[in-house]
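Trainee: Sequence and predicted model, in that order:
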2 protein chains.
Amino acid sequence: MGVSSAAPRSAWHRWASLSCLKSSPGRVPPCAPVPLQRGNRVPALGVCSPWAAGFRALRGFHAAPRRRREVALTSERFGVRRLPFARVGDRDVAFFERVLPGRVVTDPEELKPFNVDWLQSVRGCSQLMLKPQTTAEVSQILRYCYERNLAVNPQGGNTGLVGGSVPVFDEIILSTALMNQIISFDKVSGILVCQAGCILEKLNEYVEEQGFVMPLDLGAKGSCHIGGNVATNAGGLRLLRYGSLRGTVLGLEVVLADGSALDCLASLRKDNTGYDLKQLFIGSEGTLGVITAVSILCPQKPKAVNLAFLGCQSFTKVLETFTTCRAMLGEILSAYEFMDEKCMELVERHLKLSSPVTGSPFYVLIETSGSNSTHDEEKLNSFLEQAMTSGLATDGTVATDDKKIKALWSLRERITEALTHDGYVYKYDISLPVGKLYDLVTDTRARLGPRAKNVVGYGHLGDGNLHLNITAESYSHSLLEAIEPFVYEWTARCNGSISAEHGLGFKKKQFIAYSKAKEAVLLMQRFKAMLDPKGILNPYKMLPSGS
Amino acid sequence: MGVSSAAPRSAWHRWASLSCLKSSPGRVPPCAPVPLQRGNRVPALGVCSPWAAGFRALRGFHAAPRRRREVALTSERFGVRRLPFARVGDRDVAFFERVLPGRVVTDPEELKPFNVDWLQSVRGCSQLMLKPQTTAEVSQILRYCYERNLAVNPQGGNTGLVGGSVPVFDEIILSTALMNQIISFDKVSGILVCQAGCILEKLNEYVEEQGFVMPLDLGAKGSCHIGGNVATNAGGLRLLRYGSLRGTVLGLEVVLADGSALDCLASLRKDNTGYDLKQLFIGSEGTLGVITAVSILCPQKPKAVNLAFLGCQSFTKVLETFTTCRAMLGEILSAYEFMDEKCMELVERHLKLSSPVTGSPFYVLIETSGSNSTHDEEKLNSFLEQAMTSGLATDGTVATDDKKIKALWSLRERITEALTHDGYVYKYDISLPVGKLYDLVTDTRARLGPRAKNVVGYGHLGDGNLHLNITAESYSHSLLEAIEPFVYEWTARCNGSISAEHGLGFKKKQFIAYSKAKEAVLLMQRFKAMLDPKGILNPYKMLPSGS
């Protein structure tokens, strides 16, 4: 790496030369080997996917050690009243057993993990989980439930963070776990068509073998289902480069509340024939229909990937580093993530991951993905020199090989997991103009003082997306009242969004008005009433009750 | 340019070295200077836009010479029956004069160009055009029209190609021509918020000054309005690189049929709070609401742009050239357009543009846009050497300076215009798997024989989008019957779309079933009935009648 003579030499001691990292694959990675992640959880029943075998050994709920807490029932903690849906009876179970022989779960123990969210913050009491394998089966199930007025909770990998993926009461859990078949992949266009229950990471592995990547990537990739990703309009780590699912999802197959199937499973990059119905289901969180299959455009797999991990002395420097690298890295910039020092402390304390760069109040992860490693390294080197000589970053490391890249990424991706080990987590997922992004963390920290155990900020800075997280020893209503609506009011004053990518689910639905006009919410309710007049699909979620 | 010794030297005589083109700006461009294009047409009334002054001199309808043909009334040519809307009376005109003083057009001569589409293929007989400047005025107009049951035809730049932008009968023309103000532009994020009537090219000039570009570009850019672009989900030349408007439009303000305004004008890259209502209006062709303002994400202006124009000896070579350049150019590939030799003949004959590359049955335009000119030229040179040595292309030229790039682009962008000079044009805008793209042209040519004057194929190959055009001396119903439903059936057999980017408008609406399932069309009709129960917004368009 060419080091400008003006660079402060002391800052470079940790820098690994790009060529050095590449030529010494045996070198010890700066972080510990990537441990088991959220992907450890797999469905309890046998999975017919061709890739399931290797994962069976990992069966179990949250293999990573986590404190066992009794999760309060959502209905009790939040004082929710059950809507007048019918209750599941023996005749219903018998019907489902006929439709889905051997794929009906009624054992309370087996149902437990599917009634609780990954954060262990909400809990339902469903007594029935159904595991269809085909769209026709989903149709049969919903037609029956619609006639019987039985409420249904569609569930993918159950990795949602806003309580949208588990029942509030006794809704039937409709799991996509066994809908995990790839339908087709076109190697020329990169268009993948698959069932909704395919696990994101497995899809990525599949398309990588053909020279492509999935257009989205997120920490929960090892567990989350593509159908759930689409139903929640998941954002994640690659949005900066490949855009949102609104642009990359080309088609959907959806079963509506009354059981009718809607085939919008086109595999065309462009199609302007009528209203784009699929868009309504993207991000509808299972309240308008059950997504059963997805057609998605995969970008080509980049030939060269580099990752730089830098320490910055202030959030202003984080912002300046972003504008500088956006200008200098241009089309090869594929991620720009930031995290504060508290995040790094928690990752180290709870997950024993050590960072190769320390001693800064802020850290940024900068990923480049391109088609020419020489060009990319030149661009990255120029940027790094500029960042160091101008004092934007004071320390850093660079990785080009896959193992080290994964290790560095885990420092960012596993923050969510580290937080769950720190106590009860109050999670906020906010869109803001980038300049104001960290002010919300500072203000919240000052407001809560010692009432909070930790107040941390990290996120997808390139997308203006802050993850504000507050931990406490346990859930406390008074602490919640100190945070909400404070955080939402703060966000609304800056014309931000109170949910950038997590959705509203159960936990945020009452706050929609902070980000959406009243007329817009009313129109949403009209759409819901039109498509699901009995309201059986994922009730108590997304739209505010009582309005 | 480094030329491999294996390259056939004879093929290189026309190749301009990248460095040579750059270092000799005085060199005569390979094509004639870019003449006036579709942008010549401007609204007949004074425009309050700050940029209008320079364009006033060009006032007039289709300044480029075109044969004057009497355009048949749509209602007569296609045998349409008027729906039972009220008719505009003197009291209505008086009302509108009060709301929009001086911005109500009733002069039949002045109305003429707004009753006829750009292709001169459909004609309405509206006697009233309204030119609001604000969303509040649009609300007042629609509230009144809704109460009075008066039909309304929203109109932007009137550059649509499927008869969607002009009245079929006497619908009131609601023009966005005077809604041309930029509301805000954020130089950090690149987010532009503007009124719907801003002209695309003017917006691009504006954001270019700040170091960004509009995420879409199309031949009609000099006339088309951003509101119309969004209402028709325009695709165009940059989709390959920046994706569709579904991903880049961040917010919309829309006035519904009853006059109520819907504010979804967010300026956030990510926002998952409730259903994404704006998506329903993107591509709804003015049938669900009138778009009054748009928030859109602009990518950074590339620092280096190169354009290669190559001749290929077969369509198979065109496809192979695509996969080769996609792999070798990677993230800097920003357009891959193809056209057949017939297109080039027409552009030369009718517009007097001469191509620097001749003698091939197919031509491709390959654009790169990147952040480092040296890197980009290296990538492009490597690709071009590969293309020439392996015989993918047999001849070609390269341009890097702006003037020559524009001149080369005009060969592609002005094909549509050249076709209108060739006679009556039957236009088809088809999405297909790329491998089958040109078979439709060949099959159509064989089927029509001498009944067609010319059958040509060109389009956005990178997006799988073919523009199939058939010309004849004049409109003939029997020729139409030889083309339709043949073209649609052919497309449906390949699971293509009968409208990739033009929309359905008036001319394609009856054929939606070739690309959309019956259940989907029924659901679209339910959305229409919910949002516009009287059906006053752009009637006779997009959705099939009588179903």
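Mentor: Structure's in. What do you need?
Trainee: Please report how far A:Asn153 lies from chain B.
Mentor: Separation of A:Asn153 from chain B (C-beta to the nearest C-beta, to the nearest Å): 19 Å. For glycine as for every other residue, the C-beta is placed from the backbone atoms N, C-alpha and C.
Trainee: That residue against A:Asp170, yeah?
Mentor: No: look at A:Asn153 against A:Asp170 with C-beta atoms under 8 Å: they stay out of range, at 9.5 Å.
Trainee: more neighbours, the two?
Mentor: Shown here are A:Asn153 and A:Asp170; by other C-beta atoms under 10 Å in any protein chain shown, A:Asn153 has more neighbours (28 against 20).
Trainee: by contact count, what packs against the host helix or strand of the more buried one?
Mentor: Assigned by DSSP states H and E, A:Asn153 belongs to strand A:152-155. Here strand A:152-155 touches helix A:135-148, strand A:172-175, strand A:289-297, going by 3 or more C-beta pairs under 8 Å, 6 or more residues apart in numbering or on different chains; DSSP states H and E.
Trainee: Adding mean pLDDT, write these out as a markdown table.
Mentor: Below are the helices and strands packed on strand A:152-155 laid out as a markdown table (pLDDT from 0 to 100):
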| stretch | mean pLDDT |
| --- | --- |
| helix A:135-148 | 98 |
| strand A:172-175 | 98 |
| strand A:289-297 | 98 |
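Trainee: any idea which of those is most buried?
Mentor: Highest mean neighbour count among these (mean count of other C-beta atoms under 10 Å in any protein chain shown): strand A:289-297, with a mean of 27.
Trainee: where do the contact lists of A:Asn153 and A:Asp170 overlap?
Mentor: A:124, A:126 (C-beta atoms under 8 Å, 6 or more residues apart in numbering or on different chains).
Trainee: Where is the longest helix in chain A?
Mentor: Counting residues, the longest helix found in chain A (DSSP state H) is helix A:373-389.
Trainee: Helix or strand next in line after it, which one?
Mentor: strand A:395-399.
Trainee: In contact with A:Glu519: list those residues for me.
Mentor: A:Glu519 makes contact with B:260-263 under the criterion C-beta under 8 Å, 6+ apart.
Trainee: By neighbours, which of those residues wins?
Mentor: Among the contacts of A:Glu519, the one with the most neighbours (other C-beta under 10 Å) is B:Leu262, at 21 neighbours.
Trainee: what's the strand holding A:Asn153 in contact with?
Mentor: A:114, A:124, A:126, A:129, A:141-142, A:145, A:165-167, A:171-176, A:228, A:231, A:286, A:290-291, A:536-538.
Trainee: So which of the contacts of A:Glu519 belong to strands?
Mentor: If you go by DSSP state E, the contacts of A:Glu519 have B:261-263 in strands.
Trainee: Looking at the helices and strands packed on strand A:152-155, which is nearest to B:Ser354?
Mentor: strand A:289-297 (37.6 Å; C-beta to C-beta).
Trainee: Identify the residue nearest the closest residue to chain B within the stretch 351-500 of chain A in space, chain neighbours excluded?
Mentor: As assessed by C-beta to the nearest C-beta, chain B sits closest to A:Ser371 within the stretch 351-500 of chain A, at 2.6 Å. Once flanking residues are discounted, A:Ser371 sits nearest to B:Gly330: 2.6 Å by C-beta to C-beta, 6 or more residues apart in numbering or on different chains.
Trainee: Which pLDDT does the model give that neighbour?
Mentor: For B:Gly330, the pLDDT comes out at 94.
Trainee: which residue packs closest to A:Phe95, ignoring adjacent ones?
Mentor: A:Tyr144 (6.3 Å).
Trainee: And A:Asp271, by the same measure?
Mentor: Nearest to A:Asp271 is B:Ser497, by C-beta to C-beta, 6+ apart, at 4.0 Å.
Trainee: mind checking how far the strand or helix carrying A:Lys528 is from the chain centre?
Mentor: Taking DSSP H and E as the definition, A:Lys528 sits inside helix A:518-531. The chain centroid and the centroid of helix A:518-531 are separated by 26 Å under C-alpha atoms, centre = their mean, to the nearest Å.
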